[in-house]
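Undergrad: Sequence and predicted model, in that order:
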Amino acid sequence: MNLAKITLETTTKKLDAYERLMRLDKPIGILLLLWPTLWALWLASHGLPDWVTLLIFITGTVLMRSAGCVMNDIADRKYDGLVERTKNRPLATGEVRVQEAYFLAAGLCLLAFGLVLLFNKTTILLSFVALFLAATYPFTKRFLAIPQAYLGVAFGLGIPMAFAAVNDYIPPLAWVLLAANVFWAIAYDTEYAMVDRDDDVKIGIQSSAIFFGKYEGIAVMVCYIIMLALLAYVGSFMGFGKYYFTGLGSALGLALWQYQLIKDRNKILCFKAFLFNNWIGLVIFIGLAAQYYFGS
């Protein structure tokens, strides 16, 4: 009985460590990856995505975001223990061995790839690009001044994949949407990087917060404006009306409010601003969906 209890407790602790390694306890990353994918699915299907396709993309987003977090922690395992915010991550504390993490990442990627095989060749080929970006992103923090731009491409690859899965081709509009996502990622991940700036400087990690320096708040707002301008172009090209642009206007309001949070560089408020980007993604999606369902 005692042996069974010990085994259960050990298994529970290990599963909890895996959950934290995959960041399933912090779904903000999944949501920031999911919103652009949903934008693309709605645009590609003219507001009527196939529910099977939608479910596959949602599941694939969760799997690949989880795999990306594991790969990130494998790459950063020697640094995470030196950063206040990441010092308790499972690989940094030794709760999960590196070999276990490799197996977990591989398993998640294989599950995601199994889902992609249900789609056409173009989508399958793009999945290899997505895997490459996810696996290499952690290392860009060693040499790229703004690794957040690379993250934006990695987080946005669901956009061309969605168009490819629905229509078996990728229109130019998909790349405009991807560019918007890159600027959005630079904006919100700079807010995130502002929390770790002191630790990153100390250990030699690159980030946009370090690169922009004292102009980081202005840079974040410029990125939001460019992102929303690109999305406005998408709406204009598609002939969208008040519902879509109300969504963009709401997103702009949220972005302006975030500037009040980050302008004094308070770490707690910077992280709060980062988290609020989920609402930006949501209001844009609501505006897009409402345009298809209620617009003329």
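TA: Structure's in. What do you need? Residues are numbered from 1 along each chain as shown.

Undergrad: center of this structure - which residue?
TA: L33 (3.5 Å; CA atoms, centre = their mean).

Undergrad: So which elements touch the helix or strand that residue falls within?
TA: Assessed by DSSP states H and E, L33 sits inside helix 28-44. Counting contacts by 3 or more CB pairs under 8 Å, 6 or more residues apart in numbering; DSSP states H and E, helix 28-44 packs against helix 51-75, helix 147-156, helix 158-167, helix 172-203, helix 277-294. For glycine as for every other residue, the C-beta is placed from the backbone atoms N, C-alpha and C.

Undergrad: Next, the angle helix 172-203 makes with the last one.
TA: Read it as helix 277-294. Put simply, helix 277-294 runs at 170 degrees to helix 172-203, going by axes from the mean of the first three to the mean of the last three CA atoms, to 10 degrees.

Undergrad: which residues of the stretch 1-150 of the chain score low on pLDDT?
TA: 1-9 (pLDDT under 70).

Undergrad: Now the helix holding L33: buried residues?
TA: Neighbour counts over helix 28-44 (16 or more other CB atoms under 10 Å) mark 29-44 as buried.

Undergrad: Stretch 166-176 too?
TA: Those would be V166, I170, L173, A174, V176, for stretch 166-176 by 16+ other CB under 10 Å.

Undergrad: Likewise for stretch 137-154?
TA: In stretch 137-154, counting by 16+ other CB under 10 Å, buried: 137-138, 140-141, 144, 146-154.

Undergrad: nearest to K263, of these?
TA: Ranked by distance to K263 (CB to CB), these are led by Q148 at 19.1 Å.

Undergrad: Am I right that S45 is in contact with F57?
TA: No: counting by CB atoms under 8 Å, S45 does not reach F57; the two are 11.2 Å apart.

Undergrad: more neighbours, these two?
TA: More crowded of S45 and F57, by other CB atoms under 10 Å: F57, with 24 against 18.

Undergrad: who's in contact with that one?
TA: Contacts for F57 (CB atoms under 8 Å, 6 or more residues apart in numbering) come out as T37, L38, L41, G158, M161, A162, A165.

Undergrad: Now distance to N266 too, for those, in TSV please.
TA: Output for these, formatted as TSV (distance: CB to CB, whole Å):
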residue	distance to N266
T37	32
L38	32
L41	37
G158	32
M161	37
A162	37
A165	42
